[in-house]
Structure formats: structure tokens, C-alpha cells
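just a sequence and a predicted model for now, questions to come.
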Amino acid sequence: MSETTNLDEHGMPIGHPFNPDWECTPRQVAGRLSSPEQVVLIDCRTDQEREIASIEGSIHVPMDDLTNHLEPLREHEDEEIIVYCHHGVRSLQVTQWLRHEGFENVRSMAGGIDLWSHAVDQSIPRY
């Protein structure tokens, strides 16, 4: 994503496909994280990606190791879960898989940590 990308009023790149049934914007996630209601933020990127940049308070569950984390994640099954990755593609896949496994309140953060760094917290490194 270019530094000159124009964002709409929700902090999304103009013209970016967005499905609110499956996704939330980084600005919505920031609002949820600052609210008193609990939200579980899952980072499904690799260890190497997480070393470069991460969102404080997120739980690391690499997509490639998701099946091994299913049972521990069950303790959050009734909570709101938001999954993020680099650009939002893998997190949508993880969201779909978790829904298939019975998690009803799970969405992907559109644009991933890259858009988070652009629209919410510019101190987060982009890669």
C-alpha cells in the first residue's frame, strides 16, 4: 500500500472491497481495544513477521499451526474475536475456518497490520 493511499472516512483505502459481515476496519478494532468490553485479537502471521511488527495485546496463533491452537482458543469461543495478518487475506481464511469450527463472533481486520500502521498507528513498522 502506497504512502499516498487515500483513505475514506472509515480509514479504508478508497475502493477497497469490504464485507462488514466478515471484516472490521483497523479503526473499528482500535475502538474495540480501547473499550471496556473484552475483545480477543489474534495475530495469525509467522514468527518472523511478528518480530517486525505487532499490535500490543494480541495473541499469536500462526495460521500454519492453527489446528494445534483450536482447543486453547475454545476458552474465547463466546467472546468477540478479531484476526489479523499482514494485508487481511490469511486472516479472512482463519476467520472462515474458526467459524466452521463453531466460533460465531469472529471477523478479520481488513487490510491487516499494514493498514493498521497507515490508518491507526504510524509507529508500527510497515514491511
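Thanks, I have it.

surely Leu73 is within a helix?
Yes. Under DSSP: H, G, I helix; E, B strand; the rest coil, Leu73 sits within a helix.

quick one: it and Thr67 touch, right?
No. Applying CB atoms under 8 Å, one finds Leu73 not in contact with Thr67, separated by 10.5 Å. Backbone N, C-alpha and C define where each C-beta goes, glycine included.

tell me the bridge partners for Leu41.
Ile82 (DSSP bridges).

nearest residue to the residue at minimal distance from the centre of the chain other than its sequence neighbours?
Centroid-nearest residue in the chain, with CA atoms, centre = their mean: Tyr84, separated by 2.2 Å. Nearest non-adjacent residue to Tyr84, counting by CB to CB, 6 or more residues apart in numbering: Met109, 4.0 Å away.

low-confidence regions, this structure specifically.
1-5 (pLDDT under 70).

show me which of Leu73 and Thr67 is the more surrounded one.
Leu73 (18 against 9; other CB atoms under 10 Å).

residues in contact with that one?
Residues in contact with Leu73 (CB atoms under 8 Å, 6 or more residues apart in numbering) are 42, 61, 81, 98, 103.

and if you look at His16?
So His16 contacts 110-111 (CB under 8 Å, 6+ apart).

repeat for Asn105
Going by CB under 8 Å, 6+ apart, Asn105 touches 78-81.

please redo it, this time with the cut-off set to 10 Å
39-40, 76-82, 98-99 (CB atoms under 10 Å, 6 or more residues apart in numbering).

now do Asp64
So Asp64 contacts 44-46, 90 (CB under 10 Å, 6+ apart).

quick one: which of the residues you listed is nearest Ile124?
Arg45 (12.8 Å; CB to CB).

pull the contacting residues for the residue lying closest to the closest one once chain neighbours are set aside.
Nearest residue to Arg45, sequence neighbours excluded (CB to CB, 6+ apart): Cys85, at 5.2 Å. Cys85 makes contact with 42-46, 49, 62-63, 91-94, 108-109, 111-114, according to CB under 10 Å, 6+ apart.

which ones among those residues map onto strands?
42-43, 108-109 (DSSP state E).

which two among those residues are spaced furthest apart?
Farthest apart among these - using CB to CB - are Asp43 and Ser108, which lie 11.9 Å from each other.
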